[in-house]
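> Below are the sequence and a predicted model for it; my questions follow.
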Amino acid sequence: MALGLLWLSLAILVVLQTQARDSTPDLIPAPPLLRVPVYPDFRNEQFQGKWYIIGYAGNGFKKEKHSKLKRYTVTYELNNDDSYNVTSIAPRDQRCENWTKISTQNFRLSQFNLHNIEGNTGMSSYTARVVTTDYDQFAILHFRKVYNNQEYIKVNLYGRTKELPTVLRKIFINFAKSLGLTDDNIFFTRPTDECKQR
Ligand SMILES: *[C@@H]1O[C@H](CO)[C@@H](O)[C@H](O)[C@H]1NC(C)=O
Ligand SMILES: *[C@@H]1O[C@H](CO)[C@@H](O)[C@H](O)[C@H]1NC(C)=O
């Protein structure tokens with residue numbers, strides 16, 4: 001865990017130092033991707049497997065509206081061509097919904113693009129970036145999409161287990177804030193036993 005955290009604290013410093021100062025009234029502006037850290041020496045086989053989505057932040061999210069979101073899982077499976085199948089399973093209206101996105105081949109370290117291959121969520125194509133991870137406890141991911149000429153960013157805290165130590169939650173919050181997000185844009189999903197979450 002130590003190396004991942006050290007990397008992230010350096011990365012946050014860089015984002016803070018280079019962050020654009022301008023702001024718009026409604027949507028908090030997304031920092032350019034160039035300023036978002038990419039985890040060096042990313043090992044995509046080790047990143048595979050199931051993760052719980054524990055922390056959520058983004059300029060399109062409001063804590064009071066979204067904080068009832070139940071904890072769900074996402075599973076990364078590596079294909080031979082270095083793309084991932086990314087399957088989410090989430091409790092929704094008394095049942096479990098699942099949808100898969102597929103990533104195009106990793107072209108640069110820990111960054112890849114995600115596309116819907118099935119499911120109803122439509123349009124979204126995300127640029128996903130693993131900001132930091134230790135592979136066996138936590139990961140912080142940054143997602144960016146452009147929709148109606150607006151840039152949306154999302155940051156997730158992933159855990160291999162359903163809960164993570166407070167220190168990791170704090171680091172996630174600090175990272176989200178370093179991107180210009182505020183407490184109102186940051187929340188944690190609610191633990192649940194639905195959808196056979198073991
Ligand atoms: C990923 O999804 C594709 C399309 O559904 C499937 O053919 C492939 O076997 C899956 N790969 C893995 C590693 O599960
Ligand atoms: C995902 O949903 C489909 C139908 O919507 C179902 O057939 C499939 O078993 C589900 N997969 C999982 C892993 O829950």
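Here it is on my side, so go on. Ligands and ions are numbered 1, 2, ... in the order given.

> Let me see the contact set for the closest residue to ligand 2 within the chain.
Residue of the chain nearest ligand 2, by Cβ to the nearest ligand atom: N98 (3.7 Å). All C-beta atoms are positioned from the backbone trio N, CA, C, and that covers glycine. Contacts for N98 were tallied using Cβ atoms under 8 Å, 6 or more residues apart in numbering; they are 87-90, 119.

> Now intersect these with the strands, please.
Counting by DSSP state E, the members of the contacts of N98 that fall within strands are 87-90.

> now the helices for this structure?
Taking DSSP state H as the test, the helices found in the chain are 2-18, 44-47, 63-66, 166-178.

> do the second one and ligand 1 meet at all?
No - judged by Cβ under 6 Å from any ligand atom, helix 44-47 and ligand 1 are separated, with a smallest distance of 11.7 Å.

> that older thread, can you narrow the ones in strands among the contacts of N98 to ones near ligand 2?
The subset of those within reach of ligand 2, by Cβ under 6 Å from any ligand atom, is I89.

> Quick one: residues contacting the nearest residue to C96 once chain neighbours are set aside.
Leaving aside its sequence neighbours, C96 sits nearest to C195 (Cβ to Cβ, 6 or more residues apart in numbering; 4.1 Å). Residues counted as contacts of C195 (Cβ under 8 Å, 6+ apart) are 72-73, 89-91, 96.

> Can you flag the buried ones in those?
With burial judged by 16 or more other Cβ atoms under 10 Å, the buried subset of the contacts of C195 is 72-73, 89-91.

> Ligand 1: which of the contacts of C195 is nearest?
Out of the contacts of C195, the member with the shortest distance to ligand 1 (by Cβ to the nearest ligand atom) is I89, at 14.4 Å.

> give me the number of residues near G60?
As a burial measure, G60 scores 15 neighbours (other Cβ atoms under 10 Å).

> That one reaches K154, doesn't it?
Yes - using Cβ atoms under 8 Å, G60 is in contact with K154, at 7.3 Å.

> What is the neighbour count of the spatially closest residue to R169 that is not a sequence neighbour?
Using Cβ to Cβ, 6+ apart and skipping residues adjacent in sequence, the residue nearest R169 is G55, 6.4 Å away. Neighbour count for G55, taken as other Cβ under 10 Å: 23.

> For G55, list the residues it contacts.
For G55, the contacting residues are 155-157, 169, 172-173, 176, 186-189, by Cβ under 8 Å, 6+ apart.
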